[in-house]
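1. Predicted structure and sequence below. I'll ask about it afterward.
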Amino acid sequence: MNIKTLRSDQIYQKVAQAPPEHKLELFRNELLAPFMKQWQIQQIPFRAEEENGFDVVTFNNMMHRSPDQITQQLSPEIELISDESFWLECEHTVKKSLNLFIEHGIRLPESDYLFTIQLGNPESRALTLNEGYSGFGGIPGFIWGTLLPNEYTIPRMKASLAHECNHNVRYQFIQWDHTVHLGELMVSEGLAENFATIMFGEEFLGPWVTKTNAETLNSHIKPVLREKLHVTGFDKFAPYLYGDEIAKLQNFEPVNMPYSAGYACGYYLIQYYLRKTGKTIFEATITPSSQILDEVKGFWDEETIIGS
């Protein structure tokens, strides 16, 4: 297995020192170009054909620091993610997360992995709802972490990376296409967050789960989501997965769901599945959502107890 760390702090420092007219291409070529295969899979143009058209930089700027924001005034922020021990911990987390699957008898088709950590944009409402950290690992071989660096988010980056590594493994085995439905996304997020807490403990459980209390889960979220598991189309299932506030930010129709309803419900659904079947998180991670959802029919009628 080949795991490559892209030290974004060193790239941010170069961009901060570059003249304004060079920042955009320096950022694009050094931080985004190494992920070219991911952009191709996601069908995001590396460079827009028209001025101000949509491309990888536009995509980056939705939640992250844009190249023009990376000036020497940002040096204290860059410094917060420049510690050698921070990057070693991140790399160790990625290696350990992936190797645990191999140690449990799962042969990973993907052998090359690239990961980095990006500075989030403090103006991003979606990121602040996530208490300043997030990630992406849905394309095999590519793993991203995002944070507004501070004493709260930096220690949580390892759990976030473990979460994304779980996605990275799952989607080496589960095909992702236009037929993906809410049930798959809930299962996927539930698996990823359970994997992260198994590795690092429930004190690192993400806000996408901890912000939901038992009453909201049992009386509001579960009765609705059990009827929406087969909803397809990102614009249709996103409000149930992320909740109304983030859905509105994406210009989707709200459905009266609280923040990250699908994430929280998925987390407890997977806990139910693991208890009922005795499967390990490693076995469950590569199990189709149809099989998992068949096994958890009792979850929807059972009162989920949180914090037991």
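-> Noted; the coordinates are in hand. The structure displayed is predicted, hence computed values, not measured ones.
2. hang on, isn't Cys90 packed against Lys96?
-> No. Counting by Cβ atoms under 8 Å, Cys90 does not reach Lys96; the two are 10.9 Å apart. Every residue, glycine included, has its C-beta placed from N, CA and C.
3. Partner strands of the lengthiest strand in the chain and their direction?
-> Counting by DSSP state E, the longest strand found in the chain is strand 112-119. Strands that pair with strand 112-119, judged by DSSP bridges, come out as strand 2-6 (parallel), strand 142-147 (parallel).
4. where's that strand relative to the chain centroid, distance-wise?
-> Taking Cα atoms, centre = their mean, to the nearest Å, one finds strand 112-119 lying 12 Å from the centre of the chain it belongs to.
5. What ranges in the stretch 201-308 of the chain fall below the confidence cut-off?
-> 308 (pLDDT under 70).
6. So which residues of it form helices?
-> Along the stretch 201-308 of the chain, counting by DSSP state H, counting those that start in this stretch, helices occupy 207-210, 214-216, 222-225, 234-242, 244-249, 261-277, 281-285, 289-295.
7. Pick the most buried one from the ones you listed.
-> When you average the neighbours per residue for each of these (mean count of other Cβ atoms under 10 Å), helix 261-277 leads with a mean of 23.
8. now what about that one, what contacts it?
-> The contact list for helix 261-277 (Cβ atoms under 8 Å, 6 or more residues apart in numbering) reads 182, 185-191, 193-194, 205-206, 208-209, 211-212, 217, 221-222, 224-225, 237, 240-243, 279-281, 284, 292, 295-296, 298-299, 302, 304, 306.
9. quick one: that helix to chain centroid distance?
-> Computed by Cα atoms, centre = their mean, the chain-centroid distance of helix 261-277 equals 17 Å.
10. Check stretch 191-207 too.
-> With Cα atoms, centre = their mean, you get 13 Å for stretch 191-207.
11. can you pull the buried residues of that stretch?
-> 191-200, 204-207 (16 or more other Cβ atoms under 10 Å).
12. Now flag whichever of these is closest to Phe54.
-> Nearest to Phe54 out of the buried residues of stretch 191-207 is Ala192 (Cβ to Cβ; 27.7 Å).
13. okay, Cys90 and Lys96: which has more neighbours?
-> More crowded of Cys90 and Lys96, by other Cβ atoms under 10 Å: Cys90, with 21 against 15.
14. what residues does the host helix or strand of that one touch?
-> According to DSSP states H and E, Cys90 maps onto helix 84-103. Helix 84-103 is contacted by residues 1, 3, 5, 7, 9, 108, 113, 115, 117, 143, 145, 154, 157-158, 161-162, 165-166, 168-169, 195, 199, 282, 285 when judged by Cβ under 8 Å, 6+ apart.
15. again with stretch 8-21
-> Applying Cβ under 8 Å, 6+ apart, the set of residues contacting stretch 8-21 is 23, 26-27, 30-31, 65, 67-68, 70-72, 74-75, 78, 81-82, 87, 116-119.
16. Among those residues, which are located in strands?
-> Members of the contacts of stretch 8-21 lying in strands (criterion: DSSP E): 116-119.
17. Buried members of those residues into PyMOL, please.
-> In PyMOL syntax, the buried subset of those is picked out as below (16+ other Cβ under 10 Å):
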select buried, resi 116+117+118+119
